[in-house]
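Student: quick one: sequence plus predicted model below, questions after.
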Amino acid sequence: MFLAALANDRSELRGVRVVFAAVAMGIQSAAARRLDIFGVATMFITGTLTSLVSLIARHGVTASASGHGKRFLAAVWGVYILGAMAAGAASQLAPELDWLVPVALVATVVATAAARFWRA
């Protein structure tokens, strides 16, 4: 959503915005790796879906097949969908402020990763 808005931007600041988006995505990936959450890919949601489907194929969906992280990955996918819906609504309601949502989320992930890093 954010990158699509950048593609439609005709201003002189487009390059600066692309750089900020790339830096934010890099920080997000590094923070997620540092948090060491199995199977959650923050830069491409199909990676999380692939992890979920492979666990289902390997272990099934019955109650006896629990404990492999399928519920967690399904919940992560649900959060991805809710996040996309919220971002879409925000960009419709306040298009000039839609860049604040990804910035706030990345800042939250960075703060969480930093807090866990310094505790360890």
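Tutor: Everything's here; your move. Note that the structure is predicted; figures quoted are calculated from it, not measured. Residues are numbered from 1 along each chain as shown.
Student: next SSE after the helix or strand bottoming out on mean pLDDT in the chain?
Tutor: Ranked by mean pLDDT, DSSP states H and E, the helix or strand of the chain with the weakest confidence is helix 2-8, at a mean of 53. Using DSSP states H and E, the next helix or strand after helix 2-8 towards the C-terminus is helix 14-35.
Student: list the buried residues of that next one.
Tutor: For helix 14-35, a neighbour-count test (16 or more other CB atoms under 10 Å) marks 17, 20-21, 24-25, 28, 31-32, 34 as buried. C-beta coordinates here come from the backbone N, C-alpha and C atoms, glycine included.
Student: which SSE is immediately downstream of that helix?
Tutor: Later in the chain than helix 14-35, the nearest helix or strand by DSSP H and E is helix 45-59.
Student: quick one: average confidence on that next one?
Tutor: For helix 45-59, mean pLDDT is 80.
Student: now for that helix, which elements pack on it?
Tutor: helix 70-93 (3 or more CB pairs under 8 Å, 6 or more residues apart in numbering; DSSP states H and E).
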